[in-house]
Structures are given as structure tokens and as C-alpha cells.
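> Got a sequence here, can you build the structure:
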Amino acid sequence: MPVVAAPAAVVGSAALAWYLVAYFSSLDSTRAGEMVAGFLFGLGAGVMLTAAHRLPVAAVIAPRWRRSVLTGAFCAAAVLAVGLVVFGLPGALAAIPAGLTGLFASRRTVVSRGSWQRYRLSLALTIVVILAIVAFRFALGHREITGIGVLTGWLATLVLPVPVMLAWLTRITQPLPAFGLRPAQTQNLHSLSGYQEEALAFCIFLAPGDIPRSLVIRVAMDTKPGRATSLNTLAAQAFQESGPDSLNIDPLTQRLAYHRLAQSQRREWSAKAVREIAAFFPENYTENPAWCERLAPHALAAGAHAYELDADRGAAALLLNQVAGYLLFTDRATEAADALHLALACAAEAFGTASEQANIIRANLAVSPAAIESFRLLSVATPRGSRRAREPMPEHRILALGLSIVVLIAAVLVGGLLGREAYLSRPQPADHPLQTVADLQELCADRQRFYPDAPEYAPPGPHQIQLFARESISDSFSAERLSGQVPEHWRATAATVSRTQLTGCVTRTRTGPKIATCQQPNGPELLVHQATYEVEVYSVRTAALVGSTVITITSAPCPAAAQAGRVFAQPSLADYREAIGEFVE
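Down below sits the predicted model:
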């Protein structure tokens, strides 16, 4: 639970804080704010998916609905926050599959095929929803900066050491009350729906006592169901739980199950037992001696079966040689010698009697416990007719690989779209002559259109200009209404539009604190807030940027007409003259 709850709390809290800051300051309306919001969304979603995917498939956490629901709730809350940051309500919809992903990730400890498939479906759905929202916002909402930020954040998830981040976040958030859930006992094998036969088939070739339950569940889960159907009647009652992570199996049941397997199945499961034990047996005996001690009897049993059945004797030789080193390390020379003799027999059959592997084992037979430092591990060269045992790729790496492929494809598509957008967004000559004031609005559009027949912008002044304004970058422009005595060259008309040389595009970029409170007659109290505007001036003839500036309005009179809610201070003619008068007058 903490491995998911910790990053969920940190990512969700950071996203919520940013959302509140951006809401009151309009930072998300700036390009830097769009980039930060997109990056936070991509990084938060990537960390959350990685955290959910790193939950154990079937290790030491039992399936409890309370635990599972809380895990899903944490995932949903975090993705809800990061979704609101950049995409509003549509982005918040990603919280639904994200919550299901956390729920089913925790429920994966049931190790049933249904839970596994539901988890995979929810994970894929989460990724698809996130990419769909990004693509929709990018393609239809013209938020290229946001899309780039999302992809950058997602790529950062693959580059950053997320496992280290998860451990660090877990440590710093341990005092929070949400992480007080105690781990439950290990998953009960009786609920291994559809996998009991595979678990029994694997345990046939191990020692009957103190079998690591987490290892059995992992092997059973990684094995395709239906590989040991002949053990169906024996599997249900074959195991006895002897500890938090320990199973016992009756030796008589082992022998009976052994004889029920076909010869080819015996060889297959014997080789699997050798490879799995070899993959988890520590090479450095001092790092985890307790795990070495638990696995040693199972390694000896699996090696003996592999030699008897001629099942991957090369892997058995490597494993037995490694176990012998641990036995020598613990001053059990007699047991180590027996293991080495069996390893030598396996190596001679798999590699040849004069092979390097066989010679290493012969040299190890002469090593005493006092000279354990001279003990040599076998070469990892692949034996003839055998496959080298290796640990399966961790799931979080599979996820990272899959996400990297998705991000690479998305990056190629985004690059193509950006190139296409850059080409299409270049100013183009209009396909009609300048006739109305509304035509000048095309100078402020995302894809600008200019009028080559318009008069050239050149001194001396004054120069005819028409201003267009919008409330935010997501709104459309409309002609600015200037009050009071407005000089002719500051306002284009049907009679003067053909002489217009400049177009001014005004965008409110951020808002500030309250600067006035207006009591309206027979109406609600009205709050007037500070506002900042960006003004860009373009040549009507060429669409070239003549100049740009920023205006911050810190004082304003109360509006003449009754309004509701809060309003923002608007620039006056005097403000525009001070800001862009040098280009007009």
C-alpha cells in the first residue's frame, strides 16, 4: 500500500497546489504555465502507473477489499488532481480507469485469471484515455505547449529512477495517517483459481518442507494454465501452510503426483524448477544467508531430479555448484562435496568431461571451508542442448518498455504535427481584398492572414490601427470598444479600413487581487480585480510583428452597467497610448 499511497499523496497534493495557484493567478494561461501543467500531468500519470504496476503480483500482501479500495482511491484522487491541472473535467475522467488500475493492481494478489485480466485491461485503458485526452487537447484545442509538456513529463518517468523515487516518497510520507494499514498475511493458495495444478507440478521437484510460498505463487502465475491438468484432483488439498511465507507438502503426495505426470511433463517441470531456483539463489552468500539456507534443500532436490530425468543438466550443474559454495561457506564440507559430485556428473553430461565447467567443479572439490575465497562459480556459457536460467524481466521494466514505445510513436506523431502546424501557421496572404473591419481580425488568428494591398507601415505617423481583444488564450478575438473621445486613427471604420496599417491583438494573460468594490443600485456587490494584458501590434500589409508590450491595470472605475460576479479592469485609451503609442502616433 505505501508504494502506491506515497507517490499518490505527493503527486496529487502537488497537482492540487498548482491547480489552486494557477486558478487564482492565471499562470496556466501563459506558455510557461502550460508547459508546467503538461509536464506535471505527464510526470504524475507516469509515476502513478509505474507505482500501481510495481505492486506485488503475489508476494506478501493478501487480498483485502479495504486495502484494495483505498489503493484505488489514492490512484484515482492523484490522477483526478493532475487531470484537473491541465485538462479540466475531461482530464479528470482519467481518474476512473486509474482508480480501477490501483484497485485491480492490489487485487492481483488473488492470482486469479479474472483479476489479472481486469488489471491488464484497466492499465491499458488508463494509458489509452491519457493519450486520447492529450491528442484531443493537442489536435483540437491548439495546446501544443501542453502536449509537449505531457510527453516531456512522461519521458522523464522513464529516465528518472522511479523505484528509488517510490522508496524515498514512502519514507518521507510514512507519518501520514493514510499509511497506517498493516500488511496482511501472504496470499492463501486455496484461492489460486485455475493455478493449483501448476503450483503442485512445480513443488513436486522441490524438498517437501518450508517451500517459499511467494516463489510458488510467482511461478504458478507466470505459467500458462492447463499445463498440469492430470493433477487436478490432488492439487486442491496438497499444501499445508506452515508459516507466513512457507508451505509444506506431503512426500507421499509428491510421489503420487510425480507418477501422474507424463515423462515429457516431468522433464519440463524439473527443468523449470532448476531454472527458477537458480534465478533466485543469491550469488553473494553474505547478502542474504537466510534465503540461501531456505533455497539450498530445494536446489539439491531440483538438481537431483534434473540429473535423473536428463532435464537441463547444464543449469543443474551451475545451480549445484553455487549451492556447494554456500555449504562450504557454512562449514558443511560433506554436504558440499555431495553437491559438487552431482554437479560434476551434470556438467560432464551437459558440457563434456573435459569442459571448462567440469574442470572448475573438480577444482572446487579440493577447496576446504578455510579457503572458501578460492571457490569458483561456473561460467555462464550456454550448455549444449540447454537453456541458461535467467530471471524473468521485472514487470515495471516491461511497463517502461511499453510506455517508451508508446511515447516514441507519440513523439514522432507530435513532431510531424508540430512541423505541419508550423508550416500551416506561417502568415499567408488573404484570398480576398481588405474590405471590412472584421477582415483585420485575421491578423490576430492562430493562422494569420495579411493583405498585400494594404498601405505600407512607414513613418511619418499617425498610423491607422484597429484593436482586437480576448479574455484568455482560449477565447476568440473581438473588436475592442474604446470609450470616450477616440481619435480617428485609433478606430477603423468602413470608410477608413482600406487605409489601416496596423492591427493590435490584446490578450488577458493573468489576473490579480481585488482593486475595487462597487455597490450596484438594486444589484449585488461587484468586485473589480487587477488584470494584465499582452498587446501585439502587426503590420496589415505583411503580418510582421511591429512590437509587443504588457499592460498591467491596477486601478479602474466601477462599470456603468449592472453586472454579476467579478470583473477585471480593462485598459483605457490612455493605457494603450502609453503602451503602444510610439507605433501609432
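> which SS state does residue 432 fall under?
coil (DSSP: H, G, I helix; E, B strand; the rest coil).
> ok, and the closest non-adjacent residue to it?
residue 439 (7.6 Å; C-beta to C-beta, 6 or more residues apart in numbering). The C-beta positions use only the backbone N, C-alpha and C, and glycine is treated the same way.
> Next, count neighbours for the one you found.
21 (other C-beta atoms under 10 Å).
> Just say helix, strand or coil for it.
helix.
> Over to residue 511?
Residue 511 - assigned by three-state DSSP - is strand.
> Please report how far it lies from residue 527.
11 Å (C-beta to C-beta, to the nearest Å).
> Kindly report the same for residue 132.
38 Å.
> about what we covered before: looking at residue 511 and residue 527 now, which is surrounded by more residues?
Neighbours were counted for residue 511 and for residue 527 using other C-beta under 10 Å; residue 511 has more, 18 against 15.
> what is the more buried one paired to in the beta sheet?
residue 531 (DSSP bridges).
> going forward can the numbers begin at 48, since that is how I track them
From this message on, residue numbering opens at 48, which makes the last subject residue 558.
> Local confidence estimate at it?
Per-residue pLDDT puts residue 558 at 86.
> didn't it look like it was pressed against residue 576?
Yes - Residue 558 sits in contact with residue 576 when judged by C-beta atoms under 8 Å, with a separation of 5.3 Å.
> So for residue 344, what pLDDT did the model give?
The model's pLDDT for residue 344 equals 94.
> For it, which non-adjacent residue is spatially closest?
residue 254 is the one closest to residue 344 (C-beta to C-beta, 6+ apart), at 4.0 Å.
> try residue 313
Nearest one to residue 313, counting by C-beta to C-beta, 6+ apart, is residue 356 at 5.5 Å.
> can you check residue 82 too?
Residue 82 sits nearest to residue 196 (C-beta to C-beta, 6+ apart), 4.4 Å away.
> Let me know the helix or strand that the one you found is in.
helix 191-206 (DSSP states H and E).
> just checking, what packs against that helix?
Contacts defined by 3 or more C-beta pairs under 8 Å, 6 or more residues apart in numbering; DSSP states H and E place helix 191-206 against helix 78-100, helix 112-134, helix 160-188, helix 442-471.
> Using PDB, write out every CA atom in that helix.
Extracted in PDB, the C-alpha atoms of helix 191-206 (Å, rounded to 0.1, in the frame of the first residue of the first chain):
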ATOM      1  CA  GLU A 191       0.900  22.400 -28.500                       C
ATOM      2  CA  ILE A 192       2.900  23.500 -25.500                       C
ATOM      3  CA  THR A 193       0.700  21.500 -23.200                       C
ATOM      4  CA  GLY A 194       1.200  18.400 -25.300                       C
ATOM      5  CA  ILE A 195       4.900  18.800 -25.400                       C
ATOM      6  CA  GLY A 196       4.900  19.200 -21.600                       C
ATOM      7  CA  VAL A 197       2.900  16.000 -21.200                       C
ATOM      8  CA  LEU A 198       5.300  14.000 -23.300                       C
ATOM      9  CA  THR A 199       8.300  15.500 -21.600                       C
ATOM     10  CA  GLY A 200       6.900  14.500 -18.200                       C
ATOM     11  CA  TRP A 201       6.100  11.000 -19.400                       C
ATOM     12  CA  LEU A 202       9.600  10.600 -20.800                       C
ATOM     13  CA  ALA A 203      11.000  11.800 -17.500                       C
ATOM     14  CA  THR A 204       9.200   9.000 -15.800                       C
ATOM     15  CA  LEU A 205      11.200   6.500 -18.000                       C
ATOM     16  CA  VAL A 206      14.500   8.300 -17.400                       C
END
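> Tell me which residues of it come out buried.
191-202, 204 (16 or more other C-beta atoms under 10 Å).
> repeat for stretch 534-541
So, applying 16+ other C-beta under 10 Å, buried residues of stretch 534-541: 536-539.
> Dump those residues into JSON lines; add secondary structure as well.
Output for the buried residues of stretch 534-541, formatted as JSON lines (three-state DSSP):
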{"residue": "536", "secondary structure": "helix"}
{"residue": "537", "secondary structure": "helix"}
{"residue": "538", "secondary structure": "coil"}
{"residue": "539", "secondary structure": "coil"}
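> Would you format those residues as CSV with distance to residue 496 and pLDDT included?
Listed next are the buried residues of stretch 534-541 as CSV, based on distance: C-beta to C-beta, whole Å; pLDDT from 0 to 100:
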residue, distance to residue 496, pLDDT
536, 23, 90
537, 23, 92
538, 21, 89
539, 16, 91
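> Which of these lies at the shortest distance from residue 619?
residue 537 (11.5 Å; C-beta to C-beta).
> so who does the closest one touch?
Contact analysis of residue 537 by C-beta atoms under 8 Å, 6 or more residues apart in numbering lists 512, 514, 529, 620, 623, 631.
> can you give me the end-to-end distance of stretch 62-81?
One end of stretch 62-81 to the other measures 13 Å (C-alpha to C-alpha, to the nearest Å).
> Let me see the mean pLDDT of it.
Rounded mean pLDDT across stretch 62-81 is 69.
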